[in-house]
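Peer 1: Dropping a prediction and its sequence here:
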Amino acid sequence: MCGIFGIYGHPQSALMTYYGLYALQHRGQESTGIVSCEKDELTGKTKFNYHKGIGLVSEVFKDEKIITEYLKGTSAIGHNRYSTTGALNRSNIQPFVVHYKNGNLAIAHNGNLTNTRYLRNNLQSEGTIFQSSTDTEIILHLIARSQKEDQIEQIKDALNQIEGAYSLVILTDDKLIAVRDPYGFRPLALGVTEDGAYVVASETCAFDLINATYIRDVLPGEIVVIDDEVLKTGKIKSFWIEKKIEKQAFCIFEFIYFSRPDSKIFGENVDKVRRKLGKLLAHEHPAPNSTEEDKVIVINVPDSSNTATLGFVTESIKLGNNVKIEIGLIRSHYVGRTFIQPQQNMRELKVKVKFNTVKGVLQGRRVVIVDDSIVRGTTSKALVKLIKDAGAKEVHFRVASPPIKFPCYYGMDFPTQDELIASRLNGDVEKIREELGVESIGYLSVEKLLEAAPKHLSFCTACFTGNYPTLIEEKPEKFEYEIFIKSADEKFD
């Protein structure tokens, strides 16, 4: 899910990257980092400056001098981490930086490789030493070990060996390179600033903050190269990953949850798709009949279901159901997401810390909760309890996506299959209703989900259907060992 950003040809490249990462904070809150390329005008030599840390963008870069005085240069890349492969420690914070036979190289990765174990074992058996436990480092080693002479060919050589989901930004001494895997799992957009610098980002909301104009998406299987020649001519260089696939597989969950509603991904506005999800949900699973004397209220679970809730309510009214939208939950924006937290026993407390109820709105009312998805079900169950404790006489749940029954191996850190409530209860919606403690529950069907998405695209729905578009390593595993680093001014993680 991570957020990546890159820029080439801007005198304040690190500052632009900081703003870009700030706009992409929703895609990862564990750690962040920026690498800039600084060129000595007299000698022509380049050096890479970098700063990384655990925490939010505003925390890691709270000292302005890091951006203004240390991270100098006219090109930079940045990364916000949401971990899937690899534990949370300093050695796993991206971007990664190396110096190899062709110069400096930095890389930031959004996605998840599906042949990690095979590649890692092969590299280790040949003597490769790993400094982190993430799959991204594998890409660096494959590039460095390539026997090709040309740097782009080395990158192509590496990419032809990896499988799975990857959107990449790569920084070299004289280039910014953006890559998207042939399936197109994760989004990656290309833009240009007012003063002619080229930018790439996971979502277009990063462009809005720096007044950059969206040009187009990096296409599935495309390697986009930006250098000084491109700055002069305006002609973007493209190369292609030489790998045949049956069909593309854009992640449908980007529209459901990940991306910001003000972003454009896969060539479509997220807000538009989310509203349609809510509208189709109102057709498939209407709210209970509402009267003037006993009006049903509809509330969203802020913030990811806001737009779908608007669609649900407007369509419900069109269908003659006189429901009313209300704000029944208040979210604190000063705590992290409860979505997919590793500490299961702390989840209920975190829900209370994150959400509070508006008792005057909920008391004595029949309430419909609209949410974007249900993963484990623990958060949903705790929310229902909060709402009933606030005095709601009925609670009905509506979900703007199908039941999540299968783990994701392409960048969503879904738990193991037996932790998913829909899988654990064998897809029995009535049992899910009972466990959540609601009067009714309705999930959007896979058919309606795809109806809401752009028709000309092919989507990955593996977390709902189990139909994985790529081969998956048998029993995929995380490399959970820790690498601890200690210096005079650094404590153990």
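Peer 2: Cool, got the structure.

Peer 1: Just give me the longest strand of the protein.
Peer 2: strand 103-113 (DSSP state E).

Peer 1: okay, which residue of this protein is out on the far edge from center?
Peer 2: Largest separation from the mean C-alpha position in the chain: Glu293, at 43.4 Å (CA atoms, centre = their mean).

Peer 1: Torsion angles phi and psi at that residue?
Peer 2: With angles defined as degrees, to the nearest 10, Glu293 sits at phi -80, psi -30.

Peer 1: follow-up on the earlier one: name the helices or strands packed onto the longest strand of the chain?
Peer 2: strand 3-8, strand 31-39, strand 46-54, strand 75-81, strand 96-100, helix 136-145, strand 164-172 (3 or more CB pairs under 8 Å, 6 or more residues apart in numbering; DSSP states H and E). C-betas here are computed from N, CA, C, even on glycine.

Peer 1: average model confidence for that strand?
Peer 2: Averaged over strand 103-113, pLDDT sits at 96.

Peer 1: go on, stretch 126-143?
Peer 2: Averaged over stretch 126-143, pLDDT sits at 94.

Peer 1: quick one, strands of the stretch 151-300 of the chain?
Peer 2: 164-172, 176-180, 189-192, 198-201, 213-217, 222-226, 237-240, 250-251, 264-265, 268-269, 297-300 (DSSP state E, counting those that start in this stretch).

Peer 1: is it possible to export the ones you listed to CSV including mean pLDDT, mean neighbour count and distance to Phe96?
Peer 2: Output for the strands of the stretch 151-300 of the chain, formatted as CSV (pLDDT from 0 to 100; neighbours: other CB atoms under 10 Å; distance: least, CB to CB, whole Å):
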stretch, mean pLDDT, mean neighbour count, distance to Phe96
strand 164-172, 97, 26, 10
strand 176-180, 98, 26, 14
strand 189-192, 98, 22, 22
strand 198-201, 98, 29, 17
strand 213-217, 98, 15, 25
strand 222-226, 98, 22, 18
strand 237-240, 97, 14, 22
strand 250-251, 98, 26, 23
strand 264-265, 96, 22, 25
strand 268-269, 96, 16, 32
strand 297-300, 98, 24, 38
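
Peer 1: Determine which of these approaches Asp135 most closely.
Peer 2: With CB to CB as the measure, strand 164-172 is the member of those nearest Asp135 (8.0 Å).

Peer 1: Pull up the pairing partners for that closest one, direction included.
Peer 2: Partners of strand 164-172 in the sheet, by DSSP bridges, are strand 103-113 (antiparallel), strand 176-180 (antiparallel).

Peer 1: Could I get those strands in a markdown table, plus columns for distance to Ala392?
Peer 2: Listed next are those as a markdown table, based on distance: least, CB to CB, whole Å:
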| stretch | distance to Ala392 |
| --- | --- |
| strand 103-113 | 39 |
| strand 176-180 | 45 |
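
Peer 1: Of all these, which one comes closest to Gly127?
Peer 2: Ranking those by distance to Gly127, with CB to CB as the measure, places strand 103-113 first at 19.8 Å.

Peer 1: List the buried residues in the helix or strand immediately after that closest one in the chain.
Peer 2: Of the helices and strands lying after strand 103-113 in sequence (DSSP states H and E), the nearest is helix 116-125. Buried residues in helix 116-125, counted by 16 or more other CB atoms under 10 Å: 116-117, 119-120, 123.

Peer 1: Could you check the angle helix 116-125 makes with helix 136-145?
Peer 2: Relative orientation of helix 116-125 versus helix 136-145 (axes from the mean of the first three to the mean of the last three CA atoms, to 10 degrees): 50 degrees.

Peer 1: what's the neighbour count on Phe41?
Peer 2: Not quite, residue 41 is Glu, not Phe. By other CB atoms under 10 Å, 6 other residues sit near Glu41.

Peer 1: residue contacts, it?
Peer 2: Not one residue lies near Glu41 by CB atoms under 8 Å, 6 or more residues apart in numbering.

Peer 1: Just grab the bridge partners of Ile7 for me.
Peer 2: Ile7 has the following beta-bridge partners by DSSP bridges: Ala76, Val199.

Peer 1: That one reaches Ala201, doesn't it?
Peer 2: No: taking CB atoms under 8 Å as the definition, Ile7 is not a contact partner of Ala201, at 9.0 Å.

Peer 1: who touches both of the two?
Peer 2: Common neighbours of Ile7 and Ala201, using CB under 8 Å, 6+ apart, are Gly20.

Peer 1: Serialize the buried residues of helix 116-125 to CSV and add fields for distance to Gly437 and pLDDT.
Peer 2: As requested, these are exported to CSV (distance: CB to CB, whole Å; pLDDT from 0 to 100):
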residue, distance to Gly437, pLDDT
Thr116, 39, 93
Arg117, 40, 93
Leu119, 45, 95
Arg120, 44, 95
Leu123, 50, 96
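
Peer 1: just curious, which of these is nearest to Tyr183?
Peer 2: Proximity of the buried residues of helix 116-125 to Tyr183 (CB to CB) peaks at Thr116, which lies at 16.4 Å.

Peer 1: what about Glu246, how many residues close to it?
Peer 2: By other CB under 10 Å, 9 other residues sit near Glu246.

Peer 1: which residues touch the nearest residue to it once chain neighbours are set aside?
Peer 2: Distances taken as CB to CB, 6 or more residues apart in numbering put Pro469 closest to Glu246, at 7.7 Å, once the chain neighbours are dropped. Residues in contact with Pro469 (CB under 8 Å, 6+ apart) are 183, 245-247, 249, 460, 462.

Peer 1: ok, now with 10 Å
Peer 2: Counting by CB atoms under 10 Å, 6 or more residues apart in numbering, Pro469 makes contact with 114, 164-165, 183, 185, 245-249, 410, 458-462.

Peer 1: Also Ile441?
Peer 2: 285, 369, 374, 380, 395-399, 403, 429-430, 432-435.

Peer 1: In helices, which of the residues you listed appear?
Peer 2: Residues of the contacts of Ile441 located in helices (DSSP state H): 380, 429-430, 432-435.

Peer 1: quick one: which of those is most hemmed in?
Peer 2: Greatest neighbour count in the ones in helices among the contacts of Ile441, by other CB under 10 Å, goes to Ser380: 25 neighbours.
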